[in-house]
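Asker: the amino acid sequence is not available; the structure is as follows:
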């Protein structure tokens, strides 16, 4: 069995995990986590544009040189920030507690996955949207492939009909940062409304009646 209950008969190859950090000394790992926490807090409070090397260093209480040594550039920092969020989400849906992780039925896990993805977009939407400009990263990156494989596997468990890969891609398109940020900022839709819409879509696709 693969992590999260994926059966080798369902998937012929292991789920491709997003690239993880190399083995590092404990102090380096601690510094990296501290800097990523500082960057995450800045995005949450002020938006992605506030994530500069100087601002992260000041928030983390370290010298700017430490930030450059850890990430190389602002671009490297932003990519690491996204990788950090993706690894946390992957860990949650592969091995975490239900309903996002194993132990809940497939429909409940699909609904929880969408809500968890929306939470990331709300927190780091501008950063995600910047990455989505590149088609290679938007559709072909490791993190995207992990999510796609996960959604396909859950759709199969629900007994959904049709081309499940295309169906999974269509579902994931509704969670893309550009669209979600437009809905929040321009259409003034609350995130809860978007999340409820995701649940409605999942139930329509899987033929599952509303929980209410």
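Answerer: Looks like it arrived, so ask away. This structure is a prediction, so every number in the text was calculated from the model and none was measured.
Asker: wait, residue 177 touches residue 122, no?
Answerer: No - using CB atoms under 8 Å, residue 177 makes no contact with residue 122, being 9.6 Å away. Bear in mind the C-beta positions are built from the backbone N, C-alpha and C, glycine included.
Asker: and these two? which has more neighbours close in?
Answerer: Higher neighbour count among residue 177 and residue 122: residue 177, with 22 against 16, using other CB atoms under 10 Å.
Asker: can you pull the pLDDT of the more buried one?
Answerer: Listed pLDDT for residue 177 reads 85.
Asker: with adjacent residues omitted, what lies nearest to it?
Answerer: Closest residue to residue 177 apart from its sequence neighbours, by CB to CB, 6 or more residues apart in numbering: residue 128 at 3.6 Å.
Asker: surely that neighbour and residue 121 touch.
Answerer: Yes - counting by CB under 8 Å, residue 128 touches residue 121, with 6.1 Å between them.
Asker: what touches both of the two?
Answerer: Shared contacts of residue 128 and residue 121, defined by CB atoms under 8 Å, 6 or more residues apart in numbering, comprise residue 177.
Asker: walk me through the domains of this protein.
Answerer: 21-72, 75-206 (automatic domain parsing).
Asker: worst average pLDDT in these?
Answerer: Looking at the domains of the chain, the weakest mean confidence is domain 21-72, a mean of 83.
Asker: which residue is most remote from the mean position of the protein?
Answerer: Relative to the centre of the chain, the most outlying C-alpha is that of residue 63, 29.6 Å out, by CA atoms, centre = their mean.
Asker: so who does that residue touch?
Answerer: Per CB under 8 Å, 6+ apart, neighbours of residue 63: residue 57.
Asker: swap in the one 5 residues further on?
Answerer: If a contact means CB under 8 Å, 6+ apart, then residue 68 has residue 53 as its contacts.
Asker: where does the helix or strand it falls within sit relative to the chain's centre, distance-wise?
Answerer: Secondary structure from DSSP states H and E places residue 68 in helix 64-71. Relative to its chain's centre, helix 64-71 lies at 25 Å (CA atoms, centre = their mean, to the nearest Å).
Asker: now swap in stretch 154-164 and tell me
Answerer: On the basis of CA atoms, centre = their mean, stretch 154-164 sits 22 Å off its chain's mean C-alpha point.
Asker: kindly report the same for stretch 86-97.
Answerer: The chain centroid and the centroid of stretch 86-97 are separated by 9 Å under CA atoms, centre = their mean.
Asker: follow-up on the earlier one: need the overlap of contacts for residue 177 and residue 122.
Answerer: Common neighbours of residue 177 and residue 122 (CB under 8 Å, 6+ apart) do not exist.
Asker: thinking residue 62 is in contact with residue 31, fair?
Answerer: Yes - using CB under 8 Å, residue 62 makes contact with residue 31 at a distance of 7.1 Å.
Asker: give the buried residues for whatever helix or strand residue 82 lives in.
Answerer: Using DSSP H and E, the element containing residue 82 is helix 74-95. Burial within helix 74-95, assessed by neighbour count using 16 or more other CB atoms under 10 Å, is assigned to 74, 77-87, 89-90, 92-94.
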